[in-house]
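Novice: Kindly return the folded structure for what I paste below:
(chains A and B)
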Protein chains: 2
Amino acid sequence: MPVNLSPPLANALLPIKGVSLGIAEAHIKKPNRKDLLLIKLNPQATVAGVFTQNKFCAAPVMVALEHLATNATIRAFIINTGNANAGTGERGMIAARATCAEVAALLDCEATQVLPFSTGVIMEPLPLAKLVAGLPGCVADLREDNWLNAATAIMTTDIVAKAVSRQITLGGKIITITGIAKGSGMIHPNMATMLGYIATDANVAQPALQAMVTNACNASFNCITVDGDTSTNDALMLIATGMSDAEIIGDMHSAEFQQLQAAITEVSVVLAQAIVRDGEGATKFMTIDVVAGKNEAECKQIAYAIARSPLIKTAFFASDPNLGRILAAIGYAGIDDLDVQRLKVYLDDVLVAENGGRAPSYQETDGQRVMQQSDITVRVELNRGAAAATVWTCDFSYDYVKINASYRS
Amino acid sequence: MPVNLSPPLANALLPIKGVSLGIAEAHIKKPNRKDLLLIKLNPQATVAGVFTQNKFCAAPVMVALEHLATNATIRAFIINTGNANAGTGERGMIAARATCAEVAALLDCEATQVLPFSTGVIMEPLPLAKLVAGLPGCVADLREDNWLNAATAIMTTDIVAKAVSRQITLGGKIITITGIAKGSGMIHPNMATMLGYIATDANVAQPALQAMVTNACNASFNCITVDGDTSTNDALMLIATGMSDAEIIGDMHSAEFQQLQAAITEVSVVLAQAIVRDGEGATKFMTIDVVAGKNEAECKQIAYAIARSPLIKTAFFASDPNLGRILAAIGYAGIDDLDVQRLKVYLDDVLVAENGGRAPSYQETDGQRVMQQSDITVRVELNRGAAAATVWTCDFSYDYVKINASYRS
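Specialist: Prediction:
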């Protein structure tokens, strides 16, 4: 069950003027499941994205990058679940391009103005005919107050739909931001896997929008891990429709940019944490804070060593304060000149280790108390600098194995 | 249950002249369990070792390195299970030194001539009084035909004892090699964790012996992973008693060195594979071969990405040929200039992927047939060079979670 994660309420999700969403059942993997989402954008909208670094990146990712490279005005996203269209070779590329062309014909635009996204099983052919047959249903369903259905349509092994809205005031004008995401396994990010779409009615020039989505991603989706696997299909897209009354944002050093950046990052963090809270089989949500390091890279390296360790994740699942495993992970994280005598390890407010070993003040009952919680913070103080990093992860349960041993059945 | 791994037969293990072994019950973690092993060496024996690179390396590892640095003639190893004496700070160092001093007093040698080893839970104080009280029992039990009991005494979560003997002829003289090892989880290697002891009656100068154990370790224990965790206590020790009639080996380019190296490596590979076959909760043994790469490092990087992926390991547990997960792991292994169009992926003899996607010849029934086996080879041909690497691993099952969620209970 998801860890302290409630489904979003439909009336808590605010429409973004200029963005309409349509859903259909295309029967891509299973019947009677909404598995196709069309997002239509107003002609003035700017779009920016961050994509998977996986070398086996999926056909839709390659086609999306091609289309973005033409500098065409993007008018629509088409997103299917049930099949990742990854590891599908030339046939997969052709299928992704055909999907865009079919959407373009329905919306009366060019194929290069459409970006495709897929999520689901890897290395199986995309059922193109089913997908195309579902498109008119999406078009007929297009409306601005359809965000919750959209969040539901992109789910795969997710249990809870992930969506959030925020409003800020920018130069006296109200700006609205709404985002949705999906992802549960193959998160580091992974199972062909993490997709996020955030839209705002702010008016943002494309270079500034690209900087904004990169910054937001680095502070959110790039700080989570469920199983250490990075997917072939990950994408985070940011849309600015410019339909509010606020001034255009172009200068990345302006106060307006910083304000909007903060709000976009906050929405991203909420969605990224929701993915971890809904991590496959998760029963615990863990925040790994590594502080007082020489640089952010070493802090993140240690945080990920802890967050990825199956031994630590199973101990958290069992609520067993077998905390020596945390010391072992710190020790093998690959920091060559690390002095273990200087570091301290805390479990929430409980000092666990110092001077290279168990803290004299540490009582097993204190560790046990914290381990019973569903939200737990592991804090490592390196005491060798001023840098810090945070990673969010979940535990490793019987259900993780069950879900992934039977994913295709 | 261990994968195609039978317990060694007592009469298949050959004594090594000069090495006697004694076992006792010291009740370190649990009563009525042989948990203490003393290995006594003849005065002419040379000793070499390879130790964990973990920065939180255990007190016994630090003390062993100190004692080896004095160039003292090593006369004994003392090994306990049930407690790793890791993450135990200054108190742990003192306990490890005291253990050596007590052994030295019983054997009439110096404390620096004794090397300590511990395996078990991390960050709990070593029960020194119990350990010391058990030492006379070990001394009373010392004998040369005690290898199987020794292999059993060092087990923790291991189900099967790991031991093997080989004989070779070197310059017309028979040389015997016997080795034992323990390890099952926190293998990458890990749970405070991998210990190996190999002895031969060959006569090998110390620098040559050090090269030999390093080479053997690189080709065996450094090619395995169960869970990606590297322990605080790993050690592989090689002993040459010089009690055979064979000539001394000092030249690392001699035919005799190469012959003995091959045999030592073979023993190491048998023991390393046994650790994987007895991996916590293992039901499948997987060989990951990555060939035709630019260099060994990139081949190993890809092999480990596959071997460590929880998604791949759970798919093997389920005998589900969800082989797109292998493509995803190859893609995120971190090889920047990898051309996925050129590589091929095989499951045993079945061609699964080529030209960036599923091979046209691939049939799910063929993949399914191989996945049903208990021993499976994944072969990745990179087709960009002549280097290769092999990694051995096991699958990820419900029992892995069960064992590690309840390790301390």
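
Novice: Number of residues surrounding the residue in the stretch 101-250 of chain A that chain B sits nearest to?
Specialist: Nearest to chain B in the stretch 101-250 of chain A, going by C-beta to the nearest C-beta, is residue A:122, at a distance of 2.4 Å. No exception for glycine: its C-beta is placed from N, CA and C like everyone else's. Residue A:122 is surrounded by 31 other residues when neighbours are defined as other C-beta atoms under 10 Å in any protein chain shown.

Novice: Could you do residue A:396 as well?
Specialist: Number of residues near residue A:396 (other C-beta under 10 Å) recorded here: 34.

Novice: how near is it to residue A:378?
Specialist: Computed as C-beta to C-beta, to the nearest Å, the residue A:396 to residue A:378 distance reads 15 Å.

Novice: how about the CA coordinates for stretch A:325-341, as CSV?
Specialist: In CSV, the C-alpha atoms belonging to stretch A:325-341 read as follows (Å, rounded to 0.1, in the frame of the first residue of the first chain):
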residue,chain,number,x,y,z
ARG,A,325,24.2,-2.0,7.3
ILE,A,326,24.0,1.8,7.0
LEU,A,327,27.6,2.1,8.1
ALA,A,328,28.6,-0.6,5.5
ALA,A,329,26.9,1.3,2.7
ILE,A,330,28.6,4.5,3.7
GLY,A,331,31.9,2.6,3.7
TYR,A,332,31.4,1.2,0.2
ALA,A,333,30.0,4.3,-1.4
GLY,A,334,33.4,4.9,-3.1
ILE,A,335,34.6,8.1,-1.2
ASP,A,336,38.3,7.4,-1.1
ASP,A,337,39.5,9.7,1.6
LEU,A,338,36.4,9.3,3.9
ASP,A,339,37.3,9.4,7.6
VAL,A,340,34.7,7.3,9.3
GLN,A,341,35.9,8.5,12.7
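
Novice: average pLDDT for that stretch?
Specialist: Stretch A:325-341 shows a mean pLDDT of 89.

Novice: what does stretch A:213-230 give?
Specialist: Per-region confidence: stretch A:213-230 scores 78 on mean pLDDT.

Novice: Distance from it to the middle of the chain?
Specialist: 6 Å (C-alpha atoms, centre = their mean, to the nearest Å).

Novice: quick one on the thing from earlier: next, the contact list for the residue of the stretch 101-250 of chain A closest to chain B, please.
Specialist: By C-beta atoms under 8 Å, 6 or more residues apart in numbering or on different chains, the residues touching residue A:122 are A:58, A:84, A:86-87, A:192, A:232, B:322, B:324-325, B:327-328.

Novice: Just the buried residues from those residues, in PyMOL please.
Specialist: Selecting only the buried members of those in PyMOL, with burial defined as 16 or more other C-beta atoms under 10 Å in any protein chain shown, works like this:
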select buried, (chain A and resi 58+84+86+87+192+232) or (chain B and resi 322+324+325+327+328)
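
Novice: beta partners for the residue nearest to residue A:142 when sequence neighbours are not counted?
Specialist: If you skip the residues right next to it in sequence, residue A:142 has residue A:22 as its closest partner in space, 3.9 Å away by C-beta to C-beta, 6 or more residues apart in numbering or on different chains. Judged by DSSP bridges, the bridge partners of residue A:22 are residue A:38.

Novice: I'd like the distance between residue A:22 and chain B.
Specialist: Between residue A:22 and chain B the distance is 29 Å, computed by C-beta to the nearest C-beta, to the nearest Å.

Novice: And the next helix or strand past the longest helix anywhere in chain A?
Specialist: In chain A, taking DSSP state H as the definition, the longest helix is helix A:255-277. Of the helices and strands lying after helix A:255-277 in sequence (DSSP states H and E), the nearest is strand A:285-293.

Novice: For the strand or helix carrying residue A:389, which strands pair with it and how are they oriented?
Specialist: Under the criterion DSSP H and E, the helix or strand holding residue A:389 is strand A:387-394. Strand A:387-394 sits in its sheet next to strand A:224-225 (parallel), strand A:285-293 (antiparallel), going by DSSP bridges.

Novice: Take these and write them to TSV, including mean neighbour count and distance to residue A:318.
Specialist: Written out in TSV, the entries for the strands paired with strand A:387-394 read as follows (neighbours: other C-beta atoms under 10 Å in any protein chain shown; distance: least, C-beta to C-beta, whole Å):
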stretch	mean neighbour count	distance to residue A:318
strand A:224-225	24	20
strand A:285-293	22	14
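
Novice: Compare the mean pLDDT across those strands and name the weakest.
Specialist: Set side by side, those differ in mean pLDDT, and strand A:224-225 is lowest with a mean of 76.

Novice: Would you mind listing where the stretch 101-250 of chain A has pLDDT under the threshold?
Specialist: Flagging of the stretch 101-250 of chain A using pLDDT under 70 yields the residue ranges A:184-193, A:226-231.

Novice: quick one, helices of it?
Specialist: Using DSSP state H, counting those that start in this stretch, the helices found in the stretch 101-250 of chain A span residues A:128-141, A:147-153, A:206-218.

Novice: quick one: average pLDDT of the strand holding residue A:389?
Specialist: Averaging the model's pLDDT scores along strand A:387-394 yields 92.

Novice: outside of it, which residues touch it?
Specialist: A:3, A:223-226, A:272-273, A:276-277, A:279, A:282-296, A:298-300, A:303-304, A:306-308, A:313.

Novice: Restricting to C-alpha, output that strand in CSV.
Specialist: As requested, C-alpha coordinates have been extracted for strand A:387-394 and formatted as CSV (Å, rounded to 0.1, in the frame of the first residue of the first chain):
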residue,chain,number,x,y,z
ALA,A,387,27.6,20.6,0.9
ALA,A,388,24.5,18.4,1.2
ALA,A,389,22.2,16.2,-0.8
THR,A,390,18.8,14.5,-0.2
VAL,A,391,17.5,11.3,-1.8
TRP,A,392,14.0,9.8,-1.2
THR,A,393,13.4,6.1,-1.4
CYS,A,394,11.2,3.3,-0.1
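
Novice: a markdown table please, covering the helices of the stretch 101-250 of chain A and showing mean neighbour count.
Specialist: Rendered in a markdown table, the data for these read as follows (neighbours: other C-beta atoms under 10 Å in any protein chain shown):
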| stretch | mean neighbour count |
| --- | --- |
| helix A:128-141 | 18 |
| helix A:147-153 | 24 |
| helix A:206-218 | 20 |
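
Novice: if we look at the helix or strand harbouring residue A:96, which residues are touching it?
Specialist: Secondary structure from DSSP H and E places residue A:96 in helix A:89-107. Where contact means C-beta under 8 Å, 6+ apart, the residues beyond helix A:89-107 that reach it are A:38, A:40, A:58-60, A:62-63, A:67, A:75-76, A:78, A:85-86, A:88, A:110-116, A:118, A:125-126, A:128, A:131-132, A:135-136, A:139, B:355-358.

Novice: Please produce a PyMOL select command covering the buried subset of the residues you listed.
Specialist: If you want just the buried ones from the contacts of helix A:89-107 in PyMOL, going by 16+ other C-beta under 10 Å, the selection is:
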select buried, (chain A and resi 38+40+58+59+60+62+63+67+75+76+78+85+86+88+111+112+113+114+115+116+118+126+128+131+132+135+139) or (chain B and resi 356+357+358)
